[in-house]
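Chemist: Build me a structure from this.
(one chain, ligands or ions: 2)
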Amino acid sequence: MRHFLTLKDFSKEEIMEMIALAQKIKTQTKRKQYVPYMEHQTLGMIFEKSSTRTRVSFETGIYQLGGIGLFLSSNDIQLGRGEPMKDTARVISRMVDMVMIRTFSQEKLDEFATYSKVPVINGLTDEYHPVQLMADYLTMIEYGKGDHPICAYVGDGNNLAHSWLMIASKLGFELRIATPKGYECNDEIVTDAMRFAEESGAKIIIGNDPQTAVEGADVVTTDTWVSMGQEEEKEKRIAAFAGYKVDDTMMQKAKSDAIFLHCLPAYREYEVSESVFEAHAETIFTESENRLHAQKGVMVWLDSHREDKK
Ligand code: CP
Ligand code: NVA
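Modeler: Ligands and ions are numbered 1, 2, ... in the order given. Predicted structure coming up:
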(Lines give C-alpha, C1' and ligand atoms only; values in the text may rest on other atoms or scores of the structure.)
(Ligands and ions follow the chains in the order given, each with its own letter.)
Protein backbone atom coordinates (compact mmCIF):
# COMPACT_ATOMS: atom_id res chain seq x y z
CA MET A 1 0.00 0.00 0.00
CA ARG A 2 1.32 3.45 -0.87
CA HIS A 3 0.65 6.71 0.96
CA PHE A 4 0.97 10.18 -0.58
CA LEU A 5 2.87 12.00 2.18
CA THR A 6 5.59 13.79 0.20
CA LEU A 7 6.71 13.74 -3.43
CA LYS A 8 10.05 12.50 -2.12
CA ASP A 9 8.55 8.99 -2.05
CA PHE A 10 7.65 8.92 -5.76
CA SER A 11 9.60 8.44 -8.95
CA LYS A 12 9.24 10.68 -11.96
CA GLU A 13 7.35 7.87 -13.72
CA GLU A 14 4.89 7.52 -10.85
CA ILE A 15 4.26 11.27 -10.66
CA MET A 16 3.64 11.32 -14.41
CA GLU A 17 1.25 8.35 -14.13
CA MET A 18 -0.83 10.32 -11.62
CA ILE A 19 -0.73 13.41 -13.86
CA ALA A 20 -1.84 11.33 -16.86
CA LEU A 21 -4.74 9.93 -14.83
CA ALA A 22 -5.67 13.45 -13.77
CA GLN A 23 -5.68 14.60 -17.40
CA LYS A 24 -7.84 11.67 -18.47
CA ILE A 25 -10.33 12.15 -15.64
CA LYS A 26 -10.39 15.93 -16.21
CA THR A 27 -11.37 15.39 -19.85
CA GLN A 28 -14.12 12.97 -18.78
CA THR A 29 -15.36 15.35 -16.08
CA LYS A 30 -15.52 18.24 -18.56
CA ARG A 31 -17.83 16.05 -20.65
CA LYS A 32 -19.86 15.36 -17.51
CA GLN A 33 -18.75 11.73 -17.61
CA TYR A 34 -18.40 10.89 -13.94
CA VAL A 35 -16.70 7.52 -14.16
CA PRO A 36 -17.06 5.71 -10.80
CA TYR A 37 -13.39 4.75 -10.32
CA MET A 38 -13.94 4.68 -6.54
CA GLU A 39 -17.55 3.60 -6.27
CA HIS A 40 -18.91 3.32 -2.71
CA GLN A 41 -15.57 4.37 -1.23
CA THR A 42 -15.33 6.81 1.66
CA LEU A 43 -12.60 9.41 1.97
CA GLY A 44 -12.05 10.62 5.54
CA MET A 45 -10.84 14.23 5.48
CA ILE A 46 -9.22 15.37 8.73
CA PHE A 47 -8.54 19.08 9.07
CA GLU A 48 -6.47 20.54 11.91
CA LYS A 49 -6.13 23.80 9.97
CA SER A 50 -8.51 25.91 7.85
CA SER A 51 -9.14 25.24 4.18
CA THR A 52 -11.26 26.31 1.24
CA ARG A 53 -9.69 24.62 -1.80
CA THR A 54 -8.46 21.40 -0.21
CA ARG A 55 -11.79 20.68 1.40
CA VAL A 56 -13.96 21.51 -1.61
CA SER A 57 -11.70 19.77 -4.13
CA PHE A 58 -11.32 16.52 -2.15
CA GLU A 59 -14.98 16.35 -1.16
CA THR A 60 -16.20 17.08 -4.69
CA GLY A 61 -13.50 14.86 -6.16
CA ILE A 62 -14.37 11.72 -4.23
CA TYR A 63 -18.08 12.29 -4.89
CA GLN A 64 -17.47 12.58 -8.64
CA LEU A 65 -15.46 9.34 -8.46
CA GLY A 66 -18.53 7.56 -7.07
CA GLY A 67 -17.65 7.79 -3.38
CA ILE A 68 -18.30 10.11 -0.47
CA GLY A 69 -16.16 12.46 1.62
CA LEU A 70 -16.38 12.86 5.38
CA PHE A 71 -15.32 16.30 6.60
CA LEU A 72 -13.72 15.82 10.01
CA SER A 73 -12.60 19.06 11.61
CA SER A 74 -10.36 18.57 14.64
CA ASN A 75 -12.67 21.01 16.44
CA ASP A 76 -15.43 18.45 16.16
CA ILE A 77 -13.70 15.09 16.57
CA GLN A 78 -12.00 13.73 19.69
CA LEU A 79 -8.55 14.37 18.16
CA GLY A 80 -9.08 18.01 19.10
CA ARG A 81 -9.71 16.99 22.73
CA GLY A 82 -6.52 14.99 22.96
CA GLU A 83 -7.30 11.55 21.54
CA PRO A 84 -3.92 10.36 20.21
CA MET A 85 -3.23 10.49 16.48
CA LYS A 86 -2.39 6.80 16.44
CA ASP A 87 -5.74 5.88 17.97
CA THR A 88 -7.58 8.19 15.60
CA ALA A 89 -5.78 6.47 12.72
CA ARG A 90 -6.66 2.99 13.96
CA VAL A 91 -10.33 3.90 14.39
CA ILE A 92 -10.94 5.88 11.21
CA SER A 93 -8.91 3.66 8.88
CA ARG A 94 -11.00 0.62 9.82
CA MET A 95 -14.10 2.38 8.56
CA VAL A 96 -13.06 4.43 5.53
CA ASP A 97 -11.18 3.53 2.33
CA MET A 98 -8.74 6.45 2.16
CA VAL A 99 -7.77 9.37 4.39
CA MET A 100 -6.63 12.90 3.65
CA ILE A 101 -5.12 14.91 6.50
CA ARG A 102 -4.19 18.54 6.91
CA THR A 103 -2.13 18.92 10.05
CA PHE A 104 0.88 20.66 11.58
CA SER A 105 4.08 18.59 11.64
CA GLN A 106 4.95 15.99 9.02
CA GLU A 107 5.67 13.73 12.02
CA LYS A 108 1.98 13.71 12.98
CA LEU A 109 1.06 12.79 9.44
CA ASP A 110 3.68 10.04 9.38
CA GLU A 111 2.36 8.70 12.68
CA PHE A 112 -1.17 8.54 11.26
CA ALA A 113 0.11 6.74 8.16
CA THR A 114 2.07 4.24 10.27
CA TYR A 115 -1.11 3.20 12.06
CA SER A 116 -3.47 3.46 9.09
CA LYS A 117 -4.86 0.46 7.27
CA VAL A 118 -5.71 2.59 4.23
CA PRO A 119 -3.78 5.03 1.99
CA VAL A 120 -3.17 8.45 3.54
CA ILE A 121 -2.82 11.69 1.56
CA ASN A 122 -1.04 14.81 2.79
CA GLY A 123 -3.47 17.72 2.50
CA LEU A 124 -0.76 20.11 3.82
CA THR A 125 1.67 20.02 6.70
CA ASP A 126 4.15 22.59 7.97
CA GLU A 127 6.78 20.89 5.79
CA TYR A 128 5.00 20.01 2.53
CA HIS A 129 1.93 20.57 0.34
CA PRO A 130 2.39 17.91 -2.34
CA VAL A 131 -1.16 17.82 -3.79
CA GLN A 132 -0.82 21.53 -4.54
CA LEU A 133 2.25 20.86 -6.65
CA MET A 134 0.47 18.13 -8.59
CA ALA A 135 -2.17 20.72 -9.52
CA ASP A 136 0.51 23.29 -10.30
CA TYR A 137 2.38 20.95 -12.61
CA LEU A 138 -0.86 19.97 -14.38
CA THR A 139 -1.49 23.70 -14.91
CA MET A 140 2.03 24.23 -16.22
CA ILE A 141 1.49 21.47 -18.80
CA GLU A 142 -1.82 23.01 -19.87
CA TYR A 143 -0.16 26.39 -20.36
CA GLY A 144 2.68 24.89 -22.39
CA LYS A 145 5.25 25.10 -19.57
CA GLY A 146 5.59 21.42 -18.75
CA ASP A 147 8.73 20.73 -20.73
CA HIS A 148 12.00 21.88 -19.13
CA PRO A 149 10.58 25.09 -17.65
CA ILE A 150 12.60 27.60 -15.67
CA CYS A 151 10.62 28.24 -12.49
CA ALA A 152 11.18 30.98 -9.95
CA TYR A 153 9.76 30.80 -6.44
CA VAL A 154 9.98 34.10 -4.57
CA GLY A 155 9.17 34.38 -0.87
CA ASP A 156 9.04 32.16 2.18
CA GLY A 157 11.07 28.93 2.34
CA ASN A 158 7.94 27.13 3.53
CA ASN A 159 5.83 24.04 2.77
CA LEU A 160 5.12 25.29 -0.76
CA ALA A 161 8.76 26.01 -1.48
CA HIS A 162 9.69 22.54 -0.18
CA SER A 163 7.15 20.90 -2.46
CA TRP A 164 8.44 22.92 -5.41
CA LEU A 165 11.91 21.59 -4.55
CA MET A 166 10.60 18.04 -4.63
CA ILE A 167 8.69 18.25 -7.90
CA ALA A 168 11.47 20.10 -9.72
CA SER A 169 14.17 17.72 -8.51
CA LYS A 170 12.08 14.64 -9.31
CA LEU A 171 10.91 15.78 -12.75
CA GLY A 172 14.20 17.38 -13.71
CA PHE A 173 13.50 21.04 -14.33
CA GLU A 174 15.11 24.31 -13.27
CA LEU A 175 13.95 25.88 -10.02
CA ARG A 176 15.31 29.06 -8.53
CA ILE A 177 14.26 29.89 -5.00
CA ALA A 178 14.76 33.36 -3.54
CA THR A 179 13.93 33.86 0.13
CA PRO A 180 14.92 36.55 2.61
CA LYS A 181 17.82 35.66 4.90
CA GLY A 182 16.53 33.75 7.89
CA TYR A 183 13.53 32.38 5.94
CA GLU A 184 15.38 29.85 3.81
CA CYS A 185 14.16 26.33 3.05
CA ASN A 186 14.87 23.49 5.43
CA ASP A 187 18.47 22.28 4.94
CA GLU A 188 17.60 18.59 4.94
CA ILE A 189 14.91 19.06 2.30
CA VAL A 190 17.32 21.06 0.14
CA THR A 191 19.93 18.30 0.52
CA ASP A 192 17.38 15.69 -0.57
CA ALA A 193 16.37 17.83 -3.54
CA MET A 194 20.00 18.26 -4.59
CA ARG A 195 20.45 14.50 -4.47
CA PHE A 196 17.34 13.89 -6.63
CA ALA A 197 18.49 16.65 -8.98
CA GLU A 198 21.74 14.79 -9.63
CA GLU A 199 19.71 11.83 -10.87
CA SER A 200 17.08 13.77 -12.82
CA GLY A 201 19.24 16.54 -14.28
CA ALA A 202 17.25 19.23 -12.46
CA LYS A 203 18.93 22.55 -11.76
CA ILE A 204 18.21 23.87 -8.27
CA ILE A 205 19.42 27.36 -7.43
CA ILE A 206 18.91 28.67 -3.92
CA GLY A 207 19.51 32.32 -3.13
CA ASN A 208 18.24 35.53 -1.60
CA ASP A 209 17.85 37.78 -4.65
CA PRO A 210 14.35 37.68 -6.18
CA GLN A 211 15.28 39.88 -9.15
CA THR A 212 17.97 37.43 -10.29
CA ALA A 213 15.69 34.44 -9.66
CA VAL A 214 12.93 35.65 -12.00
CA GLU A 215 15.29 36.65 -14.85
CA GLY A 216 14.10 34.78 -17.96
CA ALA A 217 11.74 32.51 -16.00
CA ASP A 218 8.82 30.67 -17.64
CA VAL A 219 6.90 30.32 -14.39
CA VAL A 220 6.94 32.73 -11.45
CA THR A 221 5.30 31.78 -8.18
CA THR A 222 5.05 32.80 -4.55
CA ASP A 223 3.04 32.05 -1.42
CA THR A 224 1.82 33.88 1.66
CA TRP A 225 4.47 35.29 3.95
CA VAL A 226 2.49 34.18 7.01
CA SER A 227 1.50 30.53 6.89
CA MET A 228 -1.14 28.96 9.09
CA GLY A 229 0.24 28.69 12.60
CA GLN A 230 2.60 31.71 12.17
CA GLU A 231 0.04 34.43 12.86
CA GLU A 232 1.98 35.75 15.84
CA GLU A 233 5.02 36.43 13.64
CA LYS A 234 3.02 38.50 11.16
CA GLU A 235 4.55 41.95 11.78
CA LYS A 236 8.11 40.62 11.91
CA ARG A 237 7.61 38.65 8.71
CA ILE A 238 6.08 41.53 6.77
CA ALA A 239 9.14 43.62 7.61
CA ALA A 240 11.56 40.81 6.67
CA PHE A 241 9.88 40.18 3.30
CA ALA A 242 10.08 43.77 2.01
CA GLY A 243 11.36 43.59 -1.57
CA TYR A 244 9.93 40.12 -2.17
CA LYS A 245 6.53 41.17 -3.52
CA VAL A 246 5.94 39.89 -7.05
CA ASP A 247 4.92 43.09 -8.83
CA ASP A 248 4.94 44.29 -12.44
CA THR A 249 8.58 45.34 -12.31
CA MET A 250 9.60 41.89 -11.10
CA MET A 251 7.36 40.08 -13.63
CA GLN A 252 8.89 42.10 -16.46
CA LYS A 253 12.21 40.37 -15.77
CA ALA A 254 10.63 36.98 -16.56
CA LYS A 255 9.96 35.82 -20.14
CA SER A 256 7.30 37.87 -21.88
CA ASP A 257 4.95 34.86 -21.97
CA ALA A 258 5.71 33.76 -18.40
CA ILE A 259 2.84 32.51 -16.29
CA PHE A 260 2.31 33.41 -12.64
CA LEU A 261 1.00 30.77 -10.23
CA HIS A 262 -0.35 31.17 -6.70
CA CYS A 263 -1.70 28.33 -4.56
CA LEU A 264 -4.09 30.76 -2.84
CA PRO A 265 -5.25 32.32 -0.61
CA ALA A 266 -3.39 35.40 -1.88
CA TYR A 267 -2.68 38.49 0.17
CA ARG A 268 -2.60 41.42 -2.23
CA GLU A 269 0.20 43.95 -1.89
CA TYR A 270 2.11 41.59 0.35
CA GLU A 271 3.51 38.62 -1.63
CA VAL A 272 1.85 39.71 -4.90
CA SER A 273 0.57 43.01 -6.29
CA GLU A 274 -3.09 43.39 -7.22
CA SER A 275 -1.98 44.17 -10.77
CA VAL A 276 0.08 40.96 -11.25
CA PHE A 277 -2.63 38.89 -9.60
CA GLU A 278 -5.44 40.19 -11.81
CA ALA A 279 -3.33 40.01 -14.99
CA HIS A 280 -2.80 36.29 -14.29
CA ALA A 281 -6.17 35.52 -12.69
CA GLU A 282 -7.25 33.06 -15.40
CA THR A 283 -4.13 30.93 -14.84
CA ILE A 284 -4.40 31.18 -11.06
CA PHE A 285 -8.02 30.03 -10.99
CA THR A 286 -7.29 27.23 -13.47
CA GLU A 287 -4.54 26.17 -11.06
CA SER A 288 -7.08 26.24 -8.26
CA GLU A 289 -9.61 24.19 -10.28
CA ASN A 290 -6.83 21.73 -11.09
CA ARG A 291 -6.71 20.77 -7.42
CA LEU A 292 -9.92 18.85 -8.13
CA HIS A 293 -8.52 17.06 -11.18
CA ALA A 294 -4.97 16.42 -9.92
CA GLN A 295 -6.21 14.94 -6.64
CA LYS A 296 -8.50 12.57 -8.48
CA GLY A 297 -5.39 11.33 -10.27
CA VAL A 298 -3.67 10.84 -6.91
CA MET A 299 -6.65 9.08 -5.30
CA VAL A 300 -7.29 6.72 -8.21
CA TRP A 301 -3.58 5.90 -8.48
CA LEU A 302 -3.30 5.12 -4.74
CA ASP A 303 -6.47 3.04 -4.87
CA SER A 304 -5.11 0.98 -7.75
CA HIS A 305 -1.84 0.35 -5.85
CA ARG A 306 -3.44 -1.27 -2.82
CA GLU A 307 -2.07 -4.73 -2.21
CA ASP A 308 -5.51 -6.11 -1.40
CA LYS A 309 -6.73 -4.97 -4.81
CA LYS A 310 -4.07 -6.72 -6.85
N1 CP B 1 -4.08 26.17 -1.62
C2 CP B 1 -4.75 25.57 -0.62
O3 CP B 1 -4.40 24.50 -0.14
O4 CP B 1 -5.87 26.23 -0.23
P5 CP B 1 -6.75 25.94 1.07
O6 CP B 1 -5.92 26.31 2.26
O7 CP B 1 -7.96 26.83 0.92
O8 CP B 1 -7.13 24.49 1.10
N1 NVA C 1 2.01 28.15 3.14
C2 NVA C 1 0.58 28.26 3.33
C3 NVA C 1 -0.16 27.53 2.26
C4 NVA C 1 -1.66 27.67 2.33
C5 NVA C 1 -2.36 26.85 1.31
C6 NVA C 1 0.21 27.75 4.71
O7 NVA C 1 0.76 26.73 5.13
O8 NVA C 1 -0.63 28.38 5.37
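
Chemist: Please verify my assumption that Asp192 contacts Lys8.
Modeler: Yes - using C-beta atoms under 8 Å, Asp192 is in contact with Lys8, at 6.1 Å. Backbone N, C-alpha and C define where each C-beta goes, glycine included.

Chemist: Run through the helices of the stretch 51-200 of the chain in chain order.
Modeler: Counting by DSSP state H, counting those that start in this stretch, the stretch 51-200 of the chain has helices at residues 53-64, 85-92, 106-115, 130-142, 159-171, 187-200.

Chemist: which helices and strands sit right next to the last one?
Modeler: I take that to be helix 187-200. helix 159-171, strand 203-207 (3 or more C-beta pairs under 8 Å, 6 or more residues apart in numbering; DSSP states H and E).

Chemist: Is any residue of the longest one near ligand 2?
Modeler: Yes - applying C-beta under 6 Å from any ligand atom, one finds that helix 159-171 is in contact with ligand 2 at 159-160.

Chemist: Surely Met95 touches Thr42?
Modeler: Yes - Met95 is within contact range of Thr42, at 7.3 Å (criterion: C-beta under 8 Å).

Chemist: so what's Pro149 up against?
Modeler: Listed by C-beta atoms under 8 Å, 6 or more residues apart in numbering, the contact set of Pro149 reads 140, 173-174, 218-219.

Chemist: switch the cut-off to 7 Å
Modeler: Counting by C-beta atoms under 7 Å, 6 or more residues apart in numbering, Pro149 makes contact with 140, 173, 218-219.

Chemist: for Arg2, same thing?
Modeler: For Arg2, the contact set (C-beta under 7 Å, 6+ apart) comprises 119, 302, 305.

Chemist: how does it look with 10 Å?
Modeler: Contact analysis of Arg2 by C-beta atoms under 10 Å, 6 or more residues apart in numbering lists 9-10, 14, 119-120, 301-302, 304-307.

Chemist: Now do the SS call for it.
Modeler: coil (DSSP: H, G, I helix; E, B strand; the rest coil).

Chemist: overlap in contacts of Met95 and Thr42?
Modeler: Common neighbours of Met95 and Thr42 (C-beta under 10 Å, 6+ apart) are 70, 118.

Chemist: Of these two, which one has the most company?
Modeler: More crowded of Met95 and Thr42, by other C-beta atoms under 10 Å: Thr42, with 18 against 11.

Chemist: can I assume that one is in contact with Leu70?
Modeler: Yes - counting by C-beta atoms under 10 Å, Thr42 touches Leu70, with 6.2 Å between them.

Chemist: Show me the common contact partners of the two, please.
Modeler: 62, 92, 95-96, 99.

Chemist: Which single one of those residues is nearest to ligand 1?
Modeler: Ile62 (15.3 Å; C-beta to the nearest ligand atom).

Chemist: Could you report the neighbour count for the nearest residue to the closest one once chain neighbours are set aside?
Modeler: Nearest residue to Ile62 in three dimensions, chain neighbours excluded: Leu43, at 4.1 Å (C-beta to C-beta, 6 or more residues apart in numbering). Here the number of neighbours of Leu43 (other C-beta under 10 Å) works out to 26.

Chemist: ok, back up a step: reformat the helices of the stretch 51-200 of the chain as TSV; add mean neighbour count, distance to Phe241 and mean pLDDT.
Modeler: Shown next, in TSV, are these (neighbours: other C-beta atoms under 10 Å; distance: least, C-beta to C-beta, whole Å; pLDDT from 0 to 100):
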stretch	mean neighbour count	distance to Phe241	mean pLDDT
helix 53-64	20	23	98
helix 85-92	18	33	98
helix 106-115	18	24	98
helix 130-142	25	20	98
helix 159-171	26	13	98
helix 187-200	15	20	98
